[in-house]
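Novice: Let's see this in three dimensions:
(2 chains)
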Amino acid sequence: MTAWFEKTGHEIRDAVASGAVSALDVTQSYLDRIDAVDGKVGAYTQVWREPALAQAAAIDARAKAGQPLGAMAGVPVSLKELICTTEGHTTCSSRILQGFQSPYNATVTEKLLAADAILLGKVNMDEFAMGSSTENSAFGVTRNPWDTERVPGGSSGGSAAAVSAGYVPVSLGSDTGGSIRQPAAFCGITGLKPTYGRVSRYGLVAFASSLDQIGPFGRSAVDSARLFACIAGYDPMDATSAEQEVEKELFDLEQAEAIRGARLAVPSVVAKLLPDDMQKAFQATLEEFREMGAQVEEIDLPYMEESLSAYYVIAPAEASSNLARYDGVRYGQRPEGEFENISHLTTRTRSEMFGKEVKRRIMLGTYTLSAGYYDAYYNRAQKVRTALRNAYVEALKDFTAILTPTTPAPAFKIGEKVDDPVAMYLSDIFTVSANLTGLPSLSVPSGFHQGLPLGAQLLGRPFSELTLLTLARDYQRATNHHQQTPELAVRG
Amino acid sequence: MSKITQNDVEYVAGLAQLDLDDAAKSRLVQEMSDILSYMDKLNELDTDGVEPMMHAMALTNIFREDEVKPSMPRELALRGAPMHDTEYFMVPKILDAEGGGA
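Specialist: Okay, here's the model as predicted:
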């Protein structure tokens, strides 16, 4: 019996399309695996057994009838809990949306269904995408498959853990300040945050509307690229959607020509921000890129430290506005009992149903936007944002991509940073720039530190995902970090 | 500038429609002060003459023809509500007994 959970998305699709295996058998094999071992990791919040099997059967029927099949035919995918689906619930891992059935599918959901992907279910996240560890979920902690005493990262921790542990070949997450790239690094897989506007946000429950993007996780750049190609593209339902062609090469990245003469810029401030015990690993990564044929140069890139401060003003501010809609009136939960008036209803609903981190960010955001403080904080942060983008765009005129570690350290222990918000926020130091500037950025597995995965981050020009993914693919041909799997994934 | 007081926390909680107990209030006074001190880094930069950025990518306004298209069916729109009467979302009374606003 083939261990389908060891196969790539491409291998599965090829096998289903050629009739070598039925979508039903592949789906069943993943469902069995989830049932048997997800208890150790807790990646899944919902498993849609019957609907997934029905989807698979329908695809098999069409395959048998010789009808054309989508690019993801028979490939199981799992979705972060904040992507709207008419199937199951969309909870954002929050009590306030417990049991919520979305009345519509997100555009990315529709696109996956059109591509014949099998939607296996929903995976865990930090509540409303606020967090870097998936410890802020109302429905339990997700564990890192490499060391179950450690966090998988966040906020898309469930999406990353599910791919890392072999519970699904590819998955979708979202990234507002690093929430795809950081868990990808912590879990030893490949994750991409697309250029702002590349992937429709219609049906993505909003955290910070000028920063959010949906993106793919996969065990390789090749698998991530096809999933990205399926979900990207202009959407009239999203007013911030970019009219940008989706390059055909993304569907079959294995065939793309290698990038010759790549010039990679490493900001000099990285040496200051990276702890001593991480420097050696990063130098080894730079060496690997050099051996691959890339030119690696150090440059002065300003505003990286300030980018984190700007992010923690802008993101909570936008969140405080977006989360004002949760008032116990039109959807979601409402507490039991009587209410004096509507204000009482709203206050009780929010106070009883939002978690600690969400409240903390709403408070921060409300404060920085309030009269008297708007100029000092929000306006100033938005100016820093302009300065940051100008600096990056200028630097990228002479370089293919900017290269940094994805995180200052590998996965930390569960509970270690939960009571120290500033320490938690510091793990985003390398990732937030991509969201503030809207530029595309991905993380690839780049090695290990004391048995825990590390990631290297590439950030490129607007809409340069094909270049970044091809560079990542070239890197993955020259190295084998991405092929390592945690023991849990092998022995179960 | 980054020293938050209990009054600040209570005022902001009112704006954010959050009810905080005393323990949460003192915790937030400390946490918000810590986080906002970190924000003071922003004040060290010279941003004279720099325009604030609202959106990273150039956006143009989206228009379409003024054609009537189907809306979400009422039943579906009400389905997620904690309380409804098949026509309206239901909420507690908005006016208090004296006739003033809530």
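Novice: What residues does the residue nearest to A:Gln255 when sequence neighbours are not counted make contact with?
Specialist: Taking C-beta to C-beta, 6 or more residues apart in numbering or on different chains, and ignoring the residues beside it in sequence, A:Gln255 has A:Glu249 as its nearest neighbour in space, at 7.0 Å. For glycine as for every other residue, the C-beta is placed from the backbone atoms N, C-alpha and C. By C-beta atoms under 8 Å, 6 or more residues apart in numbering or on different chains, the contact list for A:Glu249 reads A:Gln255, A:Ala256, A:Leu466, A:Thr470.
Novice: Distance of A:Glu249 relative to A:Ser164?
Specialist: 26 Å (C-beta to C-beta, to the nearest Å).
Novice: For the lowest-mean-pLDDT helix or strand in chain B, which helices and strands make contact with it?
Specialist: None of the helices or strands of chain B scores lower by mean pLDDT, DSSP states H and E than helix B:22-39, at a mean of 90. When contacts are defined as 3 or more C-beta pairs under 8 Å, 6 or more residues apart in numbering or on different chains; DSSP states H and E, helix B:22-39 packs onto helix A:304-322, helix A:356-369, helix A:421-426, helix B:6-15.
Novice: sorry, back to before: wait, which of the contacts of A:Glu249 is closest to chain B?
Specialist: Minimum distance to chain B across the contacts of A:Glu249 is 17.8 Å, recorded for A:Leu466 (C-beta to the nearest C-beta).
Novice: Can you classify the closest one by secondary structure?
Specialist: For A:Leu466, the assignment made with DSSP: H, G, I helix; E, B strand; the rest coil gives helix.
Novice: hang on, the earlier thing: pull out the buried members of the contacts of A:Glu249.
Specialist: Taking 16 or more other C-beta atoms under 10 Å in any protein chain shown as the criterion, what is buried in the contacts of A:Glu249 is A:Ala256, A:Leu466, A:Thr470.
Novice: got JSON lines for the residues you listed, with distance to A:Ser427 and pLDDT too?
Specialist: Shown next, in JSON lines, are the buried ones among the contacts of A:Glu249 (distance: C-beta to C-beta, whole Å; pLDDT from 0 to 100):
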{"residue": "A:Ala256", "distance to A:Ser427": "32", "pLDDT": "96"}
{"residue": "A:Leu466", "distance to A:Ser427": "29", "pLDDT": "98"}
{"residue": "A:Thr470", "distance to A:Ser427": "28", "pLDDT": "98"}
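Novice: Closest one to A:Lys80 out of those, please.
Specialist: Proximity of the buried ones among the contacts of A:Glu249 to A:Lys80 (C-beta to C-beta) peaks at A:Leu466, which lies at 24.0 Å.
Novice: State the number of residues packed around A:Trp48.
Specialist: Neighbour count for A:Trp48, taken as other C-beta atoms under 10 Å in any protein chain shown: 20.
Novice: Ramachandran angles for it?
Specialist: phi -100, psi 70 (degrees, to the nearest 10).
Novice: Out of the contacts of A:Glu249, which two are the most distant from each other?
Specialist: Largest separation among the contacts of A:Glu249 by C-beta to C-beta: A:Gln255 and A:Leu466, giving 12.1 Å.
Novice: As CSV, the contacts of A:Glu249 with secondary structure and distance to B:Met83 would be great.
Specialist: Listed next are the contacts of A:Glu249 as CSV, based on DSSP: H, G, I helix; E, B strand; the rest coil; distance: C-beta to C-beta, whole Å:
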residue, secondary structure, distance to B:Met83
A:Gln255, helix, 56
A:Ala256, coil, 55
A:Leu466, helix, 50
A:Thr470, helix, 53
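Novice: quick one on the thing from earlier: for the residue nearest to A:Gln255, what are phi and psi?
Specialist: Residue torsions, per degrees, to the nearest 10, at A:Glu249 are phi -60, psi -20.
Novice: Tell me both backbone torsions, phi and psi, for the nearest residue to A:Gly153 once chain neighbours are set aside.
Specialist: Closest residue to A:Gly153 apart from its sequence neighbours, by C-beta to C-beta, 6+ apart: A:Pro183 at 3.2 Å. Backbone torsions for A:Pro183, taken as degrees, to the nearest 10, come to phi -60, psi -30.
Novice: Which member of the buried ones among the contacts of A:Glu249 is positioned nearest A:Tyr311?
Specialist: The closest of the buried ones among the contacts of A:Glu249 to A:Tyr311 turns out to be A:Leu466 (C-beta to C-beta; 26.9 Å).
Novice: shouldn't the closest one be in contact with A:Glu247?
Specialist: Yes: using C-beta atoms under 8 Å, A:Leu466 is in contact with A:Glu247, at 4.8 Å.
Novice: what about A:Ser78, distance to A:Arg150?
Specialist: Distance, A:Ser78 to A:Arg150, by C-beta to C-beta: 21 Å.
Novice: the more surrounded of those two?
Specialist: Per other C-beta under 10 Å, whichever of A:Ser78 and A:Arg150 has more neighbours is A:Ser78, with 32 against 19.
Novice: Provide the secondary structure category for that one.
Specialist: Classified using three-state DSSP, A:Ser78 is strand.
Novice: That one: what's it in contact with?
Specialist: Shown in contact with A:Ser78 (C-beta under 8 Å, 6+ apart): A:43-44, A:119-123, A:158-159, A:162, A:167-168, A:171-172.
Novice: Which of these fall in helices?
Specialist: Counted as lying in helices by DSSP state H, out of the contacts of A:Ser78, are A:Gly158, A:Ser159, A:Ala162.
Novice: got a winner among those for most neighbours?
Specialist: A:Ser159 (40 neighbours).
Novice: How about the contacts made by that residue?
Specialist: Contacts of A:Ser159 (C-beta under 8 Å, 6+ apart): A:Ala43, A:Ser78, A:Leu79, A:Lys80, A:Val123, A:Met125, A:Ser171, A:Leu172, A:Gly173, A:Ile180, A:Pro183, A:Phe217.
Novice: Compare those residues and tell me which has the most neighbours.
Specialist: Counting by other C-beta under 10 Å, top hit in the contacts of A:Ser159: A:Pro183 with 39 neighbours.
Novice: contacting residues for the closest residue to A:Ala221 other than its chain neighbours?
Specialist: Nearest residue to A:Ala221, sequence neighbours excluded (C-beta to C-beta, 6+ apart): A:Ala472, at 3.8 Å. By C-beta under 8 Å, 6+ apart, A:Ala472 lies in contact with A:Thr190, A:Ala221, A:Leu442, A:Val444, A:Leu458.
Novice: Per-residue pLDDT of the last one, please?
Specialist: Model confidence at A:Leu458, given as pLDDT, is 98.
Novice: Same check on B:Ala58?
Specialist: So, for B:Ala58, pLDDT stands at 73.
Novice: How about the residues of the stretch 1-150 of chain A by chain B?
Specialist: Within reach of chain B by C-beta under 8 Å from any C-beta of the partner chain, the stretch 1-150 of chain A has these residues: A:Phe100, A:Gln101, A:Pro103, A:Tyr104.
Novice: didn't the first one look like it was pressed against A:Ser94?
Specialist: If I follow you right, that is A:Phe100. No: counting by C-beta under 8 Å, A:Ser94 is not a contact partner of A:Phe100; they are 9.2 Å apart.
Novice: which of the two has more neighbours?
Specialist: A:Ser94 (28 against 20).
Novice: Surely the more buried one is in contact with A:Glu352?
Specialist: No: contact between A:Ser94 and A:Glu352 fails when scored by C-beta under 8 Å: they sit 11.7 Å apart.
Novice: pLDDT wise, what is residue 68 at?
Specialist: Since no chain was named, I'll use chain A. A:Pro68 carries a pLDDT score of 96 in this model.
Novice: my bad, chain B
Specialist: The model's pLDDT for B:Val68 equals 94.
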